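Chemist: all I have is the shape, not the residue letters:
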């Protein structure tokens, strides 16, 4: 790269980092101001686009776990006592209300008053609770958070791990008994194994391994990475297969561009946590393959990433993951078009998704660039995890000197 080329990259990267450091502050300030519920504890279950809380909304473990993760990660990376205080508030509520004192695991949903509402044990929910708890331990050093995360690991291994065919089953009753309805949401297929749950187990196990390098945990994390390489990634297209039967026969041909780009960098990160050089090399290769596959879902007219090949909407979380995944592919490959795609997704967010009147990001826009009606500004699924993580990841990947050259 010429001196002029390095200077152009330096200027672009410095501006990108500055934008996202500022945006992180906006995101977390909004959540602390609008979502905390000092009267009933914890956080409100839902807020609409006008920042009006829904006092009757159920409180989900995914929302609370992702809030815990976001504030703990920001506190750790920025050494910010104010963010750590919010993380502690989130941890105290999660531990007091979501963790099942009788059967272990975490409840899927609570009433607004903090009582169990849906007591099923969705492995996706346990994974996010583990992710948030382990991150809070990283930020605070509070051993009860680590103990709770380890407890969730053992619950998952006891009830969900498929020792015969590999991988993890989706959902269980409160006491660990099998269920007939395994769906994560009414929009999903009722299949026993899904890409989505395995992806978020992978990130949760990787984060727990950072602070608890247990032998069994290492084995299972390696197993999860291998499942993606052997079963979940389509070797012909590079896209992810989303749904499976118990024997790993694919059950759907839907393409999720957002998950493609999210998995591209998360799988590499998990391999890096294990410290396995050859495995990491394979996952770095896949990071570029996965980013290339995901790029088929970019809309050249506006730079945004479509949600799926069958759903013509552009959701907030897919843009956030694209910002990280394409930047990661640029850092590996040195191909500048990946950097352009990352910044293009951020420009799309600024143009269409930032709510400059009421704060935070809209859920998404439709194919005619209209804000999607009736979706949450914050709620059961709309959380600060994807967009705050994108800010933090890019801040860490672009040092203040902006010397983050491609290939690093």
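Modeler: Arrived safely, thanks for sending. Only a predicted model underlies this, so the values are computations on that prediction, with no experimental measurement involved.

Chemist: do a quick rundown of the strands in the stretch 201-350 of the chain.
Modeler: 243-244, 313-315 (DSSP state E, counting those that start in this stretch).

Chemist: and of those strands, who's closest to residue 128?
Modeler: Using CB to CB as the measure, strand 313-315 is the one of these that comes nearest residue 128, at 17.8 Å. Yep, even glycine has a C-beta here, placed from its N, CA and C like the rest.

Chemist: what's in contact with that closest one?
Modeler: 258, 299, 304-307, 348, 352, 363-367, 372 (CB atoms under 8 Å, 6 or more residues apart in numbering).

Chemist: walk me through which strands it pairs with, and which way each runs.
Modeler: Counting by DSSP bridges, the strands paired with strand 313-315 are strand 364-366 (antiparallel).

Chemist: which strands and helices sit next to the very next helix or strand once past the partner strand?
Modeler: As assigned by DSSP states H and E, the chain's next helix or strand after strand 364-366 is helix 385-397. If you count contacts as 3 or more CB pairs under 8 Å, 6 or more residues apart in numbering; DSSP states H and E, helix 385-397 packs onto helix 3-34, helix 61-78, helix 316-333.

Chemist: now helix 385-397: buried residues?
Modeler: Buried residues in helix 385-397, defined by neighbour count with 16 or more other CB atoms under 10 Å: 385-395, 397.

Chemist: ok, stretch 217-233 next?
Modeler: So, applying 16+ other CB under 10 Å, buried residues of stretch 217-233: 217-218, 220-222, 224-225, 227-228, 231-233.

Chemist: give me the distance from it to the chain's centre.
Modeler: 18 Å (CA atoms, centre = their mean, to the nearest Å).

Chemist: give the rounded mean pLDDT of that stretch.
Modeler: Averaging pLDDT along stretch 217-233 gives 98.

Chemist: and for that stretch, what are the contacting residues?
Modeler: 153, 157, 161, 166-167, 195, 198-199, 201-202, 205-206, 208-209, 239-241, 244, 248, 263, 267, 270-271, 273-274, 276, 279, 282-283, 286, 290.

Chemist: mind giving me the domain ranges of this protein?
Modeler: 1-34+285-408, 54-254 (automatic domain parsing).

Chemist: before we move on, the earlier item: of all the contacts of strand 313-315, which two lie farthest apart?
Modeler: Farthest pair in those, by CB to CB: 299 and 363, 17.2 Å.

Chemist: the two: which has the busier surroundings?
Modeler: residue 363 (23 against 14; other CB atoms under 10 Å).

Chemist: got phi/psi on the spatially closest residue to the more buried one that is not a sequence neighbour?
Modeler: Spatially, and ignoring its direct neighbours in sequence, residue 363 is nearest to residue 375 (3.5 Å; CB to CB, 6 or more residues apart in numbering). Main-chain dihedrals, residue 375, degrees, to the nearest 10: phi -90, psi 160.

Chemist: dump the residue contacts of residue 375.
Modeler: For residue 375, counting by CB under 8 Å, 6+ apart, the contacting residues are 49, 362-364, 382.

Chemist: now tabulate the contacts of strand 313-315 in CSV and tack on distance to residue 141.
Modeler: Output for the contacts of strand 313-315, formatted as CSV (distance: CB to CB, whole Å):
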residue, distance to residue 141
258, 34
299, 44
304, 40
305, 37
306, 42
307, 39
348, 39
352, 40
363, 36
364, 38
365, 42
366, 45
367, 48
372, 41
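
Chemist: residue 110: which of these is nearest?
Modeler: Using CB to CB, the contacts of strand 313-315 come closest to residue 110 at residue 363, 22.6 Å.

Chemist: surely the closest one is in contact with residue 316?
Modeler: Yes: Residue 363 lies in contact with residue 316 (CB atoms under 8 Å); the separation is 5.9 Å.
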